[in-house]
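Trainee: Let's see this in three dimensions:
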Amino acid sequence: METDELNILYEDNHIIVVLKPRGVPCCPDGSGDDSLFDCIKRYIKDKYQKPGNVYLGLVHRLDRPTGGVMVFAKSSKAAARLSEKMRSGGFSKKYFAVLAGVPQKDEGVLRNYLRKNSVNNTVYVCTESEEGAKFAELAYRIVEKREGLALADITLHTGRTHQIRVQTAAINCPVYGDMRYGGEKAIKGKLALWAYSIAFAHPTSGEALRFIIEPPADEIPWKYFSFLSGKGKSYI
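Mentor: Residues are numbered from 1 along each chain as shown. Below you'll find the predicted structure:
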């Protein structure tokens, strides 16, 4: 990923908020592919002509196939404060997901215990007593339905690996394009999961910040839903 391809939504001395493209890892991983994290570091080094190593703090993550808004810290102080806000629930993270299937209820809260298998990087629903079990909770609201698909507005209450994908699959409504967790209902295509909004207090000024970026409404399956046709619409 080249630095001129960065879509920067906001930047100051403490944070940088960017659009993470789908298919690009948010940070270095075992694939060895160039990551958004590395690209931002190169951008900062070049723009500000910084000698030596550039500091950049990873505050949260998005799965490789998921696109959307991400915030990174440009100082260790900002990183520490944002990480603490993330742990204490000081972030609001919202997603759009196209579900292969329509939930029985138009809105609700999903609560499960999840366990990660690090060998195959897959997450499972488990019982509370299983070793490694972590509580996961999200709230969803179905905003539009179309021919067996549902557009869900999802708010994360916890931040577990593959959480949305696993919890929606557990109610037999997997995310469109999810071949890992979709089972018999899996639909081939790009994973239709998008981090459209993030809100938090600025780590130094305390100013309330909110950033929204919509999924590509001209692409399948997002284009099926009229709810996404309004550019720049706020859904919060």
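Trainee: ok, which stretches of the protein are strands?
Mentor: 8-11, 15-20, 57-58, 67-73, 92-100, 107-117, 122-126, 134-146, 149-156, 193-201, 208-212 (DSSP state E).
Trainee: closest to Arg180 out of the ones you listed?
Mentor: Arg180 lies closest, by CB to CB, to one member of the strands of the chain: strand 122-126, at 6.8 Å. C-beta here means a position set from N, CA and C on the backbone, and glycine is covered the same way.
Trainee: name the helices or strands packed onto the closest one?
Mentor: For strand 122-126, the elements it packs on are strand 107-117, helix 163-170, judged by 3 or more CB pairs under 8 Å, 6 or more residues apart in numbering; DSSP states H and E.
Trainee: CA atoms only for that strand, dumped as CSV, please.
Mentor: Written as CSV, here are the backbone C-alpha positions of strand 122-126 (Å, rounded to 0.1, in the frame of the first residue of the first chain):
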residue,chain,number,x,y,z
THR,A,122,-10.8,-19.8,14.4
VAL,A,123,-13.2,-18.7,17.2
TYR,A,124,-16.0,-20.9,18.6
VAL,A,125,-19.0,-20.4,20.8
CYS,A,126,-18.4,-22.2,24.1
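Trainee: Between strand 107-117 and it, find me the angle.
Mentor: Strand 122-126 runs at 120 degrees relative to strand 107-117, counting by axes from the mean of the first three to the mean of the last three CA atoms, to 10 degrees.
Trainee: Show me the contact partners of strand 122-126.
Mentor: Contacts to strand 122-126, defined as CB atoms under 8 Å, 6 or more residues apart in numbering, come from residues 112-117, 133, 160-163, 165-167, 170, 180.
Trainee: next one: stretch 20-28
Mentor: 1, 5, 7, 31, 33-38, 58, 61-62, 64-70, 190-191, 195.
Trainee: swap the cut-off to 10 Å and go again
Mentor: Contact with stretch 20-28 is made by 1, 5-7, 18, 31-39, 56, 58, 60-70, 72, 190-195, 213, 215-216, 219, as judged by CB atoms under 10 Å, 6 or more residues apart in numbering.
Trainee: re earlier: when you filter the contacts of strand 122-126 down to buried only, what's left?
Mentor: Among the contacts of strand 122-126, the ones that count as buried by 16 or more other CB atoms under 10 Å are 112-116, 133, 160-163, 165-167, 170, 180.
Trainee: about what we covered before: restricted to buried residues, select the contacts of stretch 20-28 in ChimeraX.
Mentor: Buried residues among the contacts of stretch 20-28 (16+ other CB under 10 Å), as a ChimeraX selection:
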select :1,6,18,35,36,37,39,56,58,60,62,63,64,65,66,67,68,69,70,72,190,191,192,193,194,195,213,215
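Trainee: The contacts of stretch 20-28 in helices, which ones?
Mentor: Counting by DSSP state H, the members of the contacts of stretch 20-28 that fall within helices are Leu36, Phe37, Asp38, Cys39.
Trainee: quick one: the first one from Met70, how far?
Mentor: Summarising the geometry, the distance separating Leu36 from Met70, computed by CB to CB, to the nearest Å, is 7 Å.
Trainee: joint contacts of the two?
Mentor: Val18, Leu19, Lys20, Cys26, Cys27, Leu58, Leu62.
Trainee: of those residues, closest to Ser226?
Mentor: Distances from Ser226 to these, taken by CB to CB, are shortest for Leu19, at 23.1 Å.
Trainee: What's the local residue count around Phe200?
Mentor: By other CB atoms under 10 Å, 23 other residues sit near Phe200.
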